[in-house]
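>>> The following comprises the amino acid sequence and a computationally predicted model.
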2 protein chains.
Amino acid sequence: MGTKQQITERIGSLLRDSKLSVTETRTKILELFMKSNGALEHSDFEKLAGKSFDRVTVYRTLQTFLDKGIIHKIPTTDTSVRYAVCKSECSEHHHHDHHIHFKCEECGNTICLDDTDIPQIHLPKGYAAHNVEVVVSGVCKTCK
Amino acid sequence: MGTKQQITERIGSLLRDSKLSVTETRTKILELFMKSNGALEHSDFEKLAGKSFDRVTVYRTLQTFLDKGIIHKIPTTDTSVRYAVCKSECSEHHHHDHHIHFKCEECGNTICLDDTDIPQIHLPKGYAAHNVEVVVSGVCKTCK
DNA sequence: ATTTAATTTGCAACATTGTTGCAAATTTAT
DNA sequence: ATAAATTTGCAACAATGTTGCAAATTAAAT
């Protein structure tokens, strides 16, 4: 993972690569993503960081990160929107974050399974598939 | 599909089978589900039915239908919650609504693909899968 | 068919979540 | 160091979801 210093530097590069100003809020939000080993939703930022930044700023920051391909959304069956950081190969125009997601029913954590194959889906005649989203729920490694 | 009379009768049976009172609101909401050939979200009911019933009643009715296994939720990457009617074999305790979902990027419609196989996912060691949700997006039959 | 009991509905009030405009503060470029 | 551009926080608002309770509707019992 590296020292705090190193992490901050890595986040700085990530932001500069995406042509974004390196601000305190953006750095802190990315730090929270890196610390948590799972997906985060909006309300988590308030819980994790208290009132250190404004709700509006969080919304705007997450939207910016989405636009730049730094994070991606994970489908849910409730009203919450969950986000996770993309792998380094992702960019604004080219996403390599095709992977399945796993939600643990015990700890509630959602993680990206990068090394698990995305299945081939054999659709009925006449349908064209552009994207396949898979969310598996069950019990994760650590909760077992 | 049958006459309006027949549909109303079928909905009545469905509700009675689930041990629910047959009310105007419930009947009308189920009618809307049957008419639409796709998933519906909360706001659709206000659009489709105007102010014929209260927002609160719609929320409560959808929750009741979920509890009884009459409808199920479909995962999305936004804050909306989409619902679709379950097949007849579903009940409060035993759900057979395991199927994948397809969202058309053209018409925005989400449908259940009942005859498409749910893929086997080979998870990393230590993970146990209880449920697999698949949402495919692309272009549907009619929009092609 | 009436009456009674149980359930459902609609209203009001509130809580949570997400959005927009704009001035102040911060960051980047000169 | 200064100017330009961007980002942030505040206020105000809009949309979405929840709860308690009285009135209305539905189901059950006579």
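Here it is on my side, so go on. A quick note: this is a predicted structure, and the numbers were derived from the prediction, not measured. Numbers count the residues shown, from 1 in each chain, chains lettered A, B, ... in the order given.
>>> residues from chain A in reach of DNA strand D?
A:20-21, A:23-26, A:53-54, A:56-57, A:60-61, A:64, A:79 (C-beta under 7 Å from any atom of the strand). Quick note: C-beta positions are derived from backbone N, CA and C, even for glycine.
>>> Contact residues of chain A facing chain B?
Residues of chain A found near chain B (C-beta under 8 Å from any C-beta of the partner chain) are A:73-81, A:100, A:102, A:105, A:113, A:115-117, A:119-141, A:144.
>>> So how do I select the buried members of the residues of chain A next to DNA strand D in PyMOL?
Buried members of these, defined by 16 or more other C-beta atoms under 10 Å in any protein chain shown, are picked up in PyMOL with:
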select buried, chain A and resi 20+25+26+53+61+64
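>>> Could you grab the helix/strand/coil label for the residue most central in space within chain A?
Chain A has A:Ala84 as the residue nearest its centroid, 0.9 Å off, counting by C-alpha atoms, centre = their mean. Classification of A:Ala84 using DSSP: H, G, I helix; E, B strand; the rest coil returns strand.
>>> Just checking, which helix or strand of chain A averages the lowest pLDDT?
When each helix and strand of chain A is scored by mean pLDDT, DSSP states H and E, helix A:42-49 comes last, with a mean of 90.
>>> need the longest strand for chain A.
strand A:128-139 (DSSP state E).
>>> and stretch A:106-116, what's its mean pLDDT?
Averaged across stretch A:106-116, pLDDT comes to 92.
>>> Do a quick rundown of the strands in chain A.
A:40-41, A:71-74, A:82-85, A:100-104, A:110-113, A:128-139.
>>> Pick the most deeply packed of the ones you listed.
Using mean count of other C-beta atoms under 10 Å in any protein chain shown, the stretch among those with the largest mean neighbour count is strand A:100-104, at a mean of 23.
>>> Return the angle between stretch directions for that strand and strand A:128-139.
30 degrees (axes from the mean of the first three to the mean of the last three C-alpha atoms, to 10 degrees).
>>> and strand A:100-104, which strands flank it?
Neighbouring strands of strand A:100-104 in its sheet, by DSSP bridges, are strand A:110-113 (antiparallel), strand A:128-139 (parallel).
>>> can you redo the ones you listed as CSV with distance to DNA strand C?
Formatted as CSV, these follow (distance: least, C-beta to the nearest atom of the strand, whole Å):
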stretch, distance to DNA strand C
strand A:110-113, 15
strand A:128-139, 18
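>>> Quick check: the residue lying farthest from the centre of chain A vs B:Gly138, distance?
Within chain A, the residue lying farthest from the chain centre (C-alpha atoms, centre = their mean) is A:Lys125, at 33.7 Å. Distance from A:Lys125 to B:Gly138, counting by C-beta to C-beta, to the nearest Å: 13 Å.
>>> And the helices in chain A?
A:4-17, A:24-35, A:42-49, A:55-68 (DSSP state H).
>>> Is the third one in proximity to DNA strand C?
In this case it means helix A:42-49. Yes - using C-beta under 7 Å from any atom of the strand, helix A:42-49 comes into contact with DNA strand C via A:His42, A:Ser43.
>>> ditto for the last one
Yes - figure legend: helix A:55-68 in contact with DNA strand C (C-beta under 7 Å from any atom of the strand); contacting residues A:Arg55, A:Val56, A:Tyr59, A:Arg60, A:Gln63.
>>> ok, the last one - contacts?
With contact taken as C-beta atoms under 8 Å, 6 or more residues apart in numbering or on different chains, A:Gln63 is in contact with no other residue.
>>> what does the fourth one give?
Contact partners of A:Arg60, counting by C-beta under 8 Å, 6+ apart, are absent.
>>> before we move on, the earlier item: only C-alpha atoms, please: export the longest strand of chain A in CSV.
What follows is strand A:128-139, C-alpha atoms only, in CSV (Å, rounded to 0.1, in the frame of the first residue of the first chain):
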residue,chain,number,x,y,z
ALA,A,128,-27.7,-7.2,-29.2
ALA,A,129,-25.7,-7.1,-26.1
HIS,A,130,-23.3,-4.1,-25.4
ASN,A,131,-22.7,-4.5,-21.8
VAL,A,132,-23.2,-7.2,-19.1
GLU,A,133,-23.4,-6.3,-15.5
VAL,A,134,-23.1,-9.1,-12.9
VAL,A,135,-23.5,-8.7,-9.2
VAL,A,136,-23.1,-11.9,-7.1
SER,A,137,-24.3,-11.9,-3.5
GLY,A,138,-23.2,-14.4,-0.9
VAL,A,139,-20.5,-14.7,1.7
